[in-house]
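Student: Model the structure of this input:
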Amino acid sequence: MIEAAPWVLSGAIVGALLGMTGGGGSLLAVPLLVYVHALSPQAAVGMSLATVGATAAWGAVRRWREGLLDLRIGLIVSVAGMLGAPAGAWVAGQLSPNVLLAAFAGLMLLAAARMGWTARPDSGHEAQAFHPAPQSACRTGDSGRLALTSRCAAVLAAAGLFVGVLSGLFGVGGGFVIVPALVLLAGMEIRRAVATSLLVVALVGLSGFLSHQIGGERLPLGPLGLFTAGGVVGLEIGSRIARRLPAHRLQQLFAGVIVLAAAAMLWEAVPS
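Tutor: Numbers count the residues shown, from 1 in each chain. You can find the predicted model right below:
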């Protein structure tokens, strides 16, 4: 008999952090699944992909109804990411658990450094204060729509491919990479970039999850459903909390949590 409460609570923690910080909460999914629920790193990556993808899909539908999601750009990045995710999943299957955990901890430290560095008092609750690069490959016209040239599409596809490999390898949604890529490379307005990234995270997460399943990694469906349900509930709670707290403080707090979790993972992964 499955104890539902621990799985729902863990999922809610991940979802709440996603809702409060606007991205990056998935970085805690793998440590929780490995150290709290005793899953192997490979199984934790697969479950993280499923949960993060489902939670992002919920958010993407809501943003689409609000008119913020750019479907064209989202699909270009998503298709490229879905091609990269199986490659990342294959690499993950070739690595030893300790190597995978150490590499994941390194990724967490990079993400924490970025979140802490970009935390500013005037940052929005859903994203950090990125600014479009002066010579970005894509340009937005007077209507607000992106001029989708072949060069722009190629740059977006390359970013999606990179995100897909990261997702398949580490089980992360990739929002902490997608959002700055859409703003810096595509010149997209920050709120539209966040909304569009949710679609990418959802589709790439699905591709990575299926790749892990095809590779022979079977996940317990009961815990998976409970963890995902907790993530969706946590997302709603975290989003409401974020509206009442300064965004830059949330980013700084979350960056600190990520550093502590990464340090613990490195401690466990490095042989004594």
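Student: since we're on residue 243, how many residues are nearby?
Tutor: Per other Cβ atoms under 10 Å, the neighbour tally for residue 243 reads 10. Backbone N, C-alpha and C define where each C-beta goes, glycine included.
Student: Pick out the least confidently modelled helix or strand of this structure, by mean pLDDT.
Tutor: Lowest mean confidence among the helices and strands of the chain (mean pLDDT, DSSP states H and E): strand 139-140, at a mean of 65.
Student: Let me see the ranges of the strands in the protein.
Tutor: Secondary structure of the chain, counting by DSSP state E: strands at 139-140, 146-147.
Student: for the record, mean pLDDT for stretch 55-65?
Tutor: Mean per-residue pLDDT for stretch 55-65: 84.
Student: Actually, stretch 185-203.
Tutor: 78.
Student: Flag every buried residue along it.
Tutor: Neighbour-count burial for stretch 185-203, counted by 16 or more other Cβ atoms under 10 Å, picks out 185-190, 192-203.
Student: Identify the residues contacting stretch 46-54?
Tutor: 11, 14, 18, 26, 29-30, 33, 39, 167-168, 171-173, 201-206, 208-209, 212-213, 217, 219, 223-224, 227-228, 231-232 (Cβ atoms under 8 Å, 6 or more residues apart in numbering).
Student: Please pick the buried ones from the residues you listed.
Tutor: 11, 14, 18, 26, 29-30, 33, 39, 167-168, 171-173, 201-206, 208-209, 212, 217, 219, 223-224, 227-228, 231-232.
Student: Now do the contacts for residue 71.
Tutor: 64, 199.
Student: distance of it from residue 200?
Tutor: For residue 71, the distance to residue 200 equals 11 Å [Cβ to Cβ, to the nearest Å].
Student: ok, now residue 37?
Tutor: 27 Å.
Student: Might you report the residue contacts of residue 209?
Tutor: Residue 209 neighbours (Cβ under 8 Å, 6+ apart): 46, 49-50, 53.
Student: Most neighbours among those residues, which one?
Tutor: The most crowded member of these, judged by other Cβ under 10 Å, is residue 49 (34 neighbours).
Student: surely residue 200 meets residue 74?
Tutor: Yes: counting by Cβ atoms under 8 Å, residue 200 does reach residue 74; the two are 5.8 Å apart.
Student: tell me how far stretch 220-231 is from the chain's mean position?
Tutor: Relative to the centre of its chain, stretch 220-231 is centred 18 Å away, using Cα atoms, centre = their mean, to the nearest Å.
Student: tell me the average confidence for it?
Tutor: 88.
Student: Kindly export that stretch (C-alpha atoms) in CSV.
Tutor: Backbone C-alpha positions of stretch 220-231 (Å, rounded to 0.1, in the frame of the first residue of the first chain) are rendered in CSV as follows:
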residue,chain,number,x,y,z
PRO,A,220,5.7,3.1,-10.4
LEU,A,221,2.5,4.7,-11.8
GLY,A,222,0.9,5.2,-8.4
PRO,A,223,3.7,7.4,-6.9
LEU,A,224,4.1,9.1,-10.3
GLY,A,225,0.4,10.2,-10.3
LEU,A,226,0.6,11.3,-6.6
PHE,A,227,3.8,13.3,-7.2
THR,A,228,2.4,15.0,-10.3
ALA,A,229,-0.9,15.8,-8.6
GLY,A,230,1.1,17.4,-5.8
GLY,A,231,3.1,19.4,-8.3
